[in-house]
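# Return atomic coordinates for the entry below.
(one chain, ligands or ions: 1)
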Amino acid sequence: MKYISTRGGSEPQSFSDILLGGLAPDGGLYLPEQYPQVSAAELAEWRELPYHALALRILQKYIDDIPACDLKTLADRTYTEHTYRWCRPGRDAADITPLTTLAPGFHLLELSNGPTLAFKDMAMQLLGNLFEYVLDKRGQTINILGATSGDTGSAAEYAMRGKHNVKVFMLSPHGKMSAFQRAQMYSLQDENIVNIAIEGMFDDCQDIVKAVSNDAEFKARYKIGAVNSINWARVLAQIVYYFKGYFAATRSNDEQVAFSVPSGNFGNICAGHVARMMGLPIARLVLATNENDVLDEFFRTGVYRPRGTADTYVTSSPSMDISKASNFERFVFDLVGRDPAVVRDLWSKVDAGGSFDLRATPYMAKLASFGFVSGKSTHADRLLTISDVWQQHQVMIDTHTADAVKVGREHDLSGVPMVVLETAQPVKFAETIQEALGCEPGRPKALEGIELLPQRVQVMPADVGRVKALIAARC
Ligand SMILES: *Cc1c(COP(=O)(O)O)cnc(C)c1O
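Here you go, the predicted model:
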């Protein structure tokens, strides 16, 4: 399987070649040349498989430059009961992504049982093992530089900790994260994890990452890389739980299913789109946004209108607070019949700060055939939904999952099971839970008191030169 760019300007590449890079050189995103199909016989066999074996079947369809036995070792090592052990009482951690049924035909798929209690662990843990494997084979090293306001950075650190040939330099805004988030990241004692608290906001951290990455000489010399959400391997890893969720919510492969997905950068739901293109019987993909409704607007109207950072709301489902959706280009490539010239034309407008409008084009009619519907949810909706699910089902959900429950209920099809993707545990957003329910969410036993552990972090002014000097000194 070779990988091509959505903008058409890159020679087909192997999986290992695109694994360590970010964007394609022409500014596009990598996608497989075509989507491998799943036969009825395969689907029948897959229904019975444990998570790591199912993951291997799917990875093998997309990766042909890592020997099957090595890929098996990587999948077995990634999807263990031990890594994903933070599940609800009464659920089986061996399921990796256990299903919780709220009402007949309405379920939650727990994707937040990994080390950082958010769904990014599902893909990031695999990425850590793939990076280590490919770097070892090639005798290379990488220094990952990132900026985080919470979830992504901690998932990356927990995935890369202790890995050979990988160092992580993670910038976070000093004093702006919750005590729990700080403790999660800064208490890591691994030599290859470097936490840098920047005296500024998240945007300052991101600006520093951009400035360092734009210095081509520094970037090459210190082998600077990234693990951002446009990485194809992250989307690939996420395809697996759509299959797992389908099998868990249905009895036979003649049935269809719907998924409701709390969306920000379109990474999670992009994997659902790919699963559907492979032949998984998905009747509906319900895209839920919070107040930052760029994607809801597109799926309702056909107009894609990214916002400026000044027009981006800070909400109580913060991991969905985006101004534009970095993975969305992958879907649009498929929507326009995989014509890179059309994608180039549309993104010449987006990259210049503009928008595009498909209303008067033939693509508008095609849009309906991809199974997407959408809706948005507000802070008031989140409070109501958290409280309603708690009262009716005695199940506590986090703010992002609440957005997907709210919008999922609006688009429920009778006779088709709805699977809501649960992307974080409530303990990560305790303030809003307190507001909705008047009580504190519980937390897994082993995480009690992590705020008291010794922390390793360097505080620094928002100064590119200082950050570069630290990287140089540590590499
Ligand atoms: C990242 C994240 C999301 C959004 O996922 P995308 O892939 O960006 O659409 C939703 N919920 C939580 C908890 C997240 O961390």
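# if I look at residue 46, how far off is residue 435?
Separation of residue 46 from residue 435 (CB to CB, to the nearest Å): 42 Å. C-beta here means a position set from N, CA and C on the backbone, and glycine is covered the same way.
# just residue 29 next, same as before
On the measure of CB to CB, residue 29 and residue 435 end up 38 Å apart.
# Between those two, which has more neighbouring residues?
Neighbour tally, residue 29 and residue 435, criterion other CB atoms under 10 Å: the higher count belongs to residue 29, 25 against 16.
# Spit out the contact partners of the more buried one.
5, 6, 23, 230, 232, 327, 329, 330, 333 (CB atoms under 8 Å, 6 or more residues apart in numbering).
# Got a ChimeraX select line for the buried ones in those residues?
Per 16 or more other CB atoms under 10 Å, the buried members of these correspond to this ChimeraX selection:
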select :5,6,23,230,232,327,329,330,333
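# Any idea which of the contacts of residue 29 the model trusts least?
Ranked by pLDDT, the contacts of residue 29 bottom out at residue 23 (85).
# I'd like the next helix or strand past the host helix or strand of residue 260.
Residue 260 is part of strand 257-262, with elements assigned from DSSP states H and E. For strand 257-262, the succeeding helix or strand toward the C-terminus, using DSSP H and E, is helix 267-277.
# just checking, what packs against the next helix-or-strand element following that next one?
Using DSSP H and E, the helix or strand that follows helix 267-277 towards the C-terminus is strand 282-289. Using 3 or more CB pairs under 8 Å, 6 or more residues apart in numbering; DSSP states H and E as the contact test, the elements touching strand 282-289 are strand 257-262, helix 267-277, helix 294-301, strand 372-376, helix 399-410.
# which residues in the stretch 101-250 of the chain form strands?
Under the criterion DSSP state E, counting those that start in this stretch, the stretch 101-250 of the chain contains strands at 106-110, 142-147, 166-173, 193-199, 224-225.
# The ligand is nearest to which of the ones you listed?
strand 106-110 (12.2 Å; CB to the nearest ligand atom).
# As TSV, the strands of the stretch 101-250 of the chain with distance to residue 287, mean neighbour count and mean pLDDT would be great.
As requested, these are exported to TSV (distance: least, CB to CB, whole Å; neighbours: other CB atoms under 10 Å; pLDDT from 0 to 100):
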stretch	distance to residue 287	mean neighbour count	mean pLDDT
strand 106-110	16	24	98
strand 142-147	26	22	94
strand 166-173	29	24	95
strand 193-199	33	21	96
strand 224-225	30	22	90
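# Let's have those in a markdown table, adding distance to residue 290.
Below are the strands of the stretch 101-250 of the chain laid out as a markdown table (distance: least, CB to CB, whole Å):
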| stretch | distance to residue 290 |
| --- | --- |
| strand 106-110 | 18 |
| strand 142-147 | 21 |
| strand 166-173 | 20 |
| strand 193-199 | 26 |
| strand 224-225 | 30 |
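# and the ones you listed as JSON lines, adding distance to the ligand?
Below are these laid out as JSON lines (distance: least, CB to the nearest ligand atom, whole Å):
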{"stretch": "strand 106-110", "distance to the ligand": "12"}
{"stretch": "strand 142-147", "distance to the ligand": "14"}
{"stretch": "strand 166-173", "distance to the ligand": "15"}
{"stretch": "strand 193-199", "distance to the ligand": "19"}
{"stretch": "strand 224-225", "distance to the ligand": "20"}
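# Up against the ligand, what does the stretch 151-300 of the chain have?
151, 229, 262, 263, 264, 265, 266, 267, 268 (CB under 6 Å from any ligand atom).
# Compile the helices and strands packed on strand 282-289 into JSON lines and extend it with columns for distance to residue 85 and mean pLDDT.
Formatted as JSON lines, the helices and strands packed on strand 282-289 follow (distance: least, CB to CB, whole Å; pLDDT from 0 to 100):
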{"stretch": "strand 257-262", "distance to residue 85": "23", "mean pLDDT": "98"}
{"stretch": "helix 267-277", "distance to residue 85": "22", "mean pLDDT": "98"}
{"stretch": "helix 294-301", "distance to residue 85": "33", "mean pLDDT": "97"}
{"stretch": "strand 372-376", "distance to residue 85": "33", "mean pLDDT": "98"}
{"stretch": "helix 399-410", "distance to residue 85": "19", "mean pLDDT": "98"}
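# Now those in TSV, please, with extra columns for distance to residue 208 and mean neighbour count.
Listed next are these as TSV, based on distance: least, CB to CB, whole Å; neighbours: other CB atoms under 10 Å:
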stretch	distance to residue 208	mean neighbour count
strand 257-262	29	28
helix 267-277	23	25
helix 294-301	25	20
strand 372-376	32	20
helix 399-410	27	27
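# Residue 179: what's it in contact with?
Applying CB under 8 Å, 6+ apart, the residues near residue 179 are residue 451.
# Considering the residues of the stretch 151-300 of the chain next to the ligand, which is situated nearest to residue 353?
Checking these against residue 353 by CB to CB gives residue 265 as the nearest, at 18.3 Å.
# Which among the helices and strands packed on strand 282-289 is found nearest to residue 314?
Of all those, helix 399-410 comes closest under CB to CB, at 12.6 Å.
# returning to what we had before: just flag the most distant two among the residues of the stretch 151-300 of the chain next to the ligand.
151 and 266 (15.7 Å).
# ok, which stretches of the stretch 351-475 of the chain are strands?
Applying DSSP E, counting those that start in this stretch to the stretch 351-475 of the chain gives strands spanning 356-357, 372-376, 418-422, 458-461.
# With distance to the ligand added, can I get the ones you listed in TSV?
Shown next, in TSV, are those (distance: least, CB to the nearest ligand atom, whole Å):
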stretch	distance to the ligand
strand 356-357	20
strand 372-376	12
strand 418-422	8
strand 458-461	25
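# Adding distance to residue 387, write the ones you listed out as a markdown table.
Output for the strands of the stretch 351-475 of the chain, formatted as a markdown table (distance: least, CB to CB, whole Å):
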| stretch | distance to residue 387 |
| --- | --- |
| strand 356-357 | 39 |
| strand 372-376 | 19 |
| strand 418-422 | 16 |
| strand 458-461 | 39 |
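# What helix or strand is the residue nearest to residue 240 when sequence neighbours are not counted located in?
Spatial nearest neighbour of residue 240, excluding adjacent residues (CB to CB, 6 or more residues apart in numbering): residue 55 at 4.6 Å. Assigned by DSSP H and E, residue 55 belongs to helix 51-62.
# buried residues in that helix?
51, 52, 54, 55, 56, 57, 58, 59, 60, 61, 62.
# Pull up the gap between residue 154 and residue 227, please.
Distance from residue 154 to residue 227, by CB to CB: 12 Å.
# same question, residue 172
Using CB to CB, residue 172 is found at 15 Å from residue 227.
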